[in-house]
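Engineer: just a sequence and a predicted model for now, questions to come.
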Amino acid sequence: MFELDDAFVATSQAVGDLSLSHVRLHDDARYPWIVLIPRREAARELEDLTRQDLATLTDEILAAGRAVRALGFRIDKLNVGALGNVTPQLHVHVVGRRLGDPAWPGPVWGHSPAQAYDGPALDAALAAAREALGL
């Protein structure tokens with residue numbers, strides 16, 4: 001049975017579910033950032049997925065990229081990463097980066113404390129992500 005790691009609940013907001021992945025908006029208003037968590041029990045690595053799941057995940061990463069772009073930021077580079085050093089449950093970050101963003105050109109992870117969305121901005125970001133993903 002798939003269980004979402006509590007770390008995601010603490011740092012992100014639910015967008016919805018695609019065919020494979022649970023989708024979350026990372027709660028840092030400085031970066032357009034979607035996290036995909038494949039709903040597969042005990043998955044920690046890409047190699048834990050079937051070939052079909054990997055193909056589906058690739059499609060979902062591309063869709064998440066479109067959702068990131070729909071959040072209203074200028075995007076100069078789309079970063080995609082499946083690190084899992086802190087939260088080992090398999091997940092893929094899709095982060096829109098722009099020249100001069102607070103962490104540019106370095107990684108966003110561990111750069112500085114997140115700045116949460118305010119209520120209206122969060123509602124708008126979730127709505128934009130859901131529309132772009134067809135949810």
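Structural biologist: Done, it's in. Please read these numbers as outputs of a predicted model, since none were measured by experiment.
Engineer: outside of stretch 10-26, which residues touch it?
Structural biologist: 2, 4, 8, 27, 33-40, 53, 56-57, 60, 63-64, 67, 92-93, 95, 114, 117, 122, 125-126, 129-130, 133, 135 (C-beta atoms under 8 Å, 6 or more residues apart in numbering). No exception for glycine: its C-beta is placed from N, CA and C like everyone else's.
Engineer: one more time with 6 Å
Structural biologist: 8, 27, 33, 35-39, 53, 56-57, 60, 125, 129-130, 135 (C-beta atoms under 6 Å, 6 or more residues apart in numbering).
Engineer: in strands, which of these fall?
Structural biologist: Counting by DSSP state E, the part of these found in strands is W33, V35, L36, I37, P38.
Engineer: reformat those as TSV; add pLDDT.
Structural biologist: TSV is the format used below for the ones in strands among the contacts of stretch 10-26 (pLDDT from 0 to 100):
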residue	pLDDT
W33	98
V35	98
L36	98
I37	98
P38	98
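Engineer: dump those residues to CSV, plus distance to L83 and neighbour count.
Structural biologist: Shown next, in CSV, are the ones in strands among the contacts of stretch 10-26 (distance: C-beta to C-beta, whole Å; neighbours: other C-beta atoms under 10 Å):
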residue, distance to L83, neighbour count
W33, 13, 25
V35, 11, 21
L36, 13, 24
I37, 13, 22
P38, 15, 23
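Engineer: all helices of the chain, in order?
Structural biologist: 6-11, 51-69, 119-133 (DSSP state H).
Engineer: any idea how far apart the tips of stretch 84-100 sit?
Structural biologist: End-to-end distance for stretch 84-100, by C-alpha to C-alpha, to the nearest Å: 26 Å.
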